[in-house]
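>>> okay, sequence plus prediction incoming.
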Amino acid sequence: MSADGWMVESLSHGEIFFASPTLQQRSHGTKGAVCAYEPVSADGVRRLFDRARAAGIARPVLFGLVPFDTTRHASFTIPVQLQLAPVPQRGGAVVAPAGRRPAVVARQPVPAPEIYGDMVRKALDLYEEGDVRKIVLSRAMDVELDAPIAYADVLRDLLRRNAQGYTFAVPAWSDGVAGAQPAASMVGASPELLVRREGDRVFINPLAGSIPRVADPEEDQARREGLAVSEKDLREHGYVVSDIVRILREHCEELDVPQGPSVIGTDALWHLSTFIAGRLKSPDLSALGLACALHPTPAICGFPTAQAFAHIQDLEPFDREYFAGLVGWQREDGDGEWALTLRCARYDGDRRLRLYAGAGTVAGSDPESEIRETAMKMETFMRAIA
Ligand SMILES: C=C(O[C@H]1C=CC=C(C(=O)O)[C@@H]1O)C(=O)O
């Protein structure tokens, strides 16, 4: 453990790091890890734990990435050596980065911001036609660096600025697996908890409806207050909460849903947030099982889900892969935490990253503000890299 208490020192490509607001976990080495690259299923997860036991891993913890489109392959890893610790007090001593940061050699938006604006305008036309009410539209940015990233520096930076978030580096496998080097890793700091399960208690914290923060404290506060009463943002948030609650009612016998959202802040944005707690009807439903029942929520897809999903496939000119999917961990008893894979990038382990950002659109959305919001989401991640 390093002086600042974060277990990120010498983390190499393919190793795992996952920090929630209270717990940090990291793997040491990639040798012997039990891995799978297959669509997510309860049977598949069970088989992985069986393989881990057979391999002599005493207290197996499964880490994973589930794609936005769950018919595609997920990436799962049960490391041989895992270290757990409470997160250190924030605001304490911060170890300065050891070396120089990589420089950006090239940036390529996918698509260009104007085209993203056109996508939002097309969504606005669809709202007039009436078969869909919300679509979360995203864009990407391909970045080339002059040198590989230092995981420890990047994660420290993300951790420092996202105290209430879920900071992660989790490997993405490709066909064949079992090699020591993954195809890529997803690296980022998500503000959004999809599901935490502790025994029969579950916690869900959807976010939707956002505004960028500014340095001036008065203007920043005015933006926070404006978001709390914005009709468009409350509507955007409402689709998410009502759909999540509808599904939770099938699986929970007690549900505690606040009357209305509150506003939470990351270092760069204000978000509308609703913290929901429930008690599961069946102890057999794991954290990942419930997360998959809820996914894709209108926070990253839209409403109604099927129509929004089809429009996303049609409008977005790139494959989301693991972006806007699930990232997290789970123990054999089904307890665990799954966050949405947001504010992140796919990193190839060398000099290439693909950053992603999305924004919810509804009738009344402004294409220019959605361009700004997605730019801000990617920019905050870039600050940690170069
Ligand atoms: C899709 C993203 O954010 C979602 C989560 C929180 C707030 C959102 C919004 O206000 O648009 C998005 O629904 C992203 O960060 O890429």
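In hand now; what should we look at?
>>> residues contacting the closest residue to residue 268 other than its chain neighbours?
Spatially, and ignoring its direct neighbours in sequence, residue 268 is nearest to residue 380 (4.2 Å; C-beta to C-beta, 6 or more residues apart in numbering). In this view, the C-beta of every residue, glycine as well, is placed from N, C-alpha and C. Residues in contact with residue 380 (C-beta atoms under 8 Å, 6 or more residues apart in numbering) are 161, 266, 267, 268, 269, 343.
>>> tell me the residues on this protein that lie near the ligand, please.
136, 138, 192, 207-210, 271, 299-300, 324, 342-343, 357-360, 377 (C-beta under 6 Å from any ligand atom).
>>> apply 8 Å and report the result again.
136, 138, 191-192, 207-210, 233, 236, 240, 269, 271-272, 298-300, 323-324, 340, 342-343, 356-361, 373-374, 377 (C-beta under 8 Å from any ligand atom).
>>> tell me the mean pLDDT over stretch 366-375?
Stretch 366-375 carries an average pLDDT of 97.
>>> wait, I meant stretch 329-349
Mean predicted confidence for stretch 329-349 is 97.
>>> since we're on the residue of the stretch 201-350 of the chain found nearest the ligand, how many residues are nearby?
The ligand sits closest to residue 210 of the stretch 201-350 of the chain, with a gap of 3.4 Å, by C-beta to the nearest ligand atom. By other C-beta atoms under 10 Å, the residues close to residue 210 number 24.
>>> hang on, residue 4 in a helix?
No. Assigned with DSSP: H, G, I helix; E, B strand; the rest coil, residue 4 falls outside any helix and is coil.
>>> quick check: it touching residue 88?
Yes. Here residue 4 reaches residue 88: they are 6.3 Å apart, a contact under C-beta atoms under 8 Å.
>>> returning to that earlier point: mind checking which of the residues of the chain next to the ligand are in helices?
Judged by DSSP state H, helices contain the following of the residues of the chain next to the ligand: 233, 236, 240, 373, 374, 377.
>>> can you give me the helices in the protein?
Using DSSP H, helices in the chain cover 42-54, 113-129, 151-161, 217-229, 231-251, 287-294, 305-315, 367-385.
>>> could I get those helices as TSV with distance to residue 67?
Formatted as TSV, these follow (distance: least, C-beta to C-beta, whole Å):
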stretch	distance to residue 67
helix 42-54	14
helix 113-129	21
helix 151-161	22
helix 217-229	30
helix 231-251	19
helix 287-294	11
helix 305-315	13
helix 367-385	19
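>>> for residue 99, which of the ones you listed is the nearest?
Proximity to residue 99 (C-beta to C-beta) singles out helix 151-161 among those, at 7.9 Å.
>>> not including adjacent chain positions, what is the nearest residue to the most centrally placed residue in the chain?
Central residue check for the chain by C-alpha atoms, centre = their mean: the C-alpha nearest the mean position is that of residue 341, 2.1 Å away. Counting by C-beta to C-beta, 6+ apart, residue 341 lies nearest to residue 327, which is 4.4 Å off, once chain neighbours are set aside.
>>> so residue 356 sits against residue 320, correct?
Yes. At 7.2 Å, residue 356 counts as touching residue 320 under the criterion of C-beta under 8 Å.
>>> overlap in contacts of those two?
With C-beta under 8 Å, 6+ apart as the test, residue 356 and residue 320 both reach residue 138.
>>> counting neighbours, go ahead and name the busier of these two.
residue 356 (28 against 21).
>>> ok, now how distant is the nearest residue to that one once chain neighbours are set aside from residue 381?
Take residue 356 and drop its neighbours on the chain: the residue closest to it by C-beta to C-beta, 6+ apart is residue 323, 4.0 Å away. To residue 381, residue 323 is 12 Å away according to C-beta to C-beta, to the nearest Å.
>>> what touches both of those two?
residue 344.
>>> so where's the stretch 101-250 of the chain uncertain?
176-180 (pLDDT under 70).
>>> ok, now which ones touch residue 106?
Here residue 106 is in contact with 142, 143, 144 (C-beta under 8 Å, 6+ apart).
>>> residue contacts, the residue nearest to the first one when sequence neighbours are not counted?
Across the structure, with C-beta to C-beta, 6+ apart as the measure, the residue nearest residue 142 apart from its sequence neighbours is residue 108 (4.4 Å). Neighbour list for residue 108: 141, 142, 143 [criterion: C-beta under 8 Å, 6+ apart].
>>> okay, and the beta partners of the residue nearest to residue 262 when sequence neighbours are not counted?
Nearest residue to residue 262 in three dimensions, chain neighbours excluded: residue 273, at 5.7 Å (C-beta to C-beta, 6+ apart). Under DSSP bridges, the beta-bridge partners of residue 273 are residue 207, residue 262.
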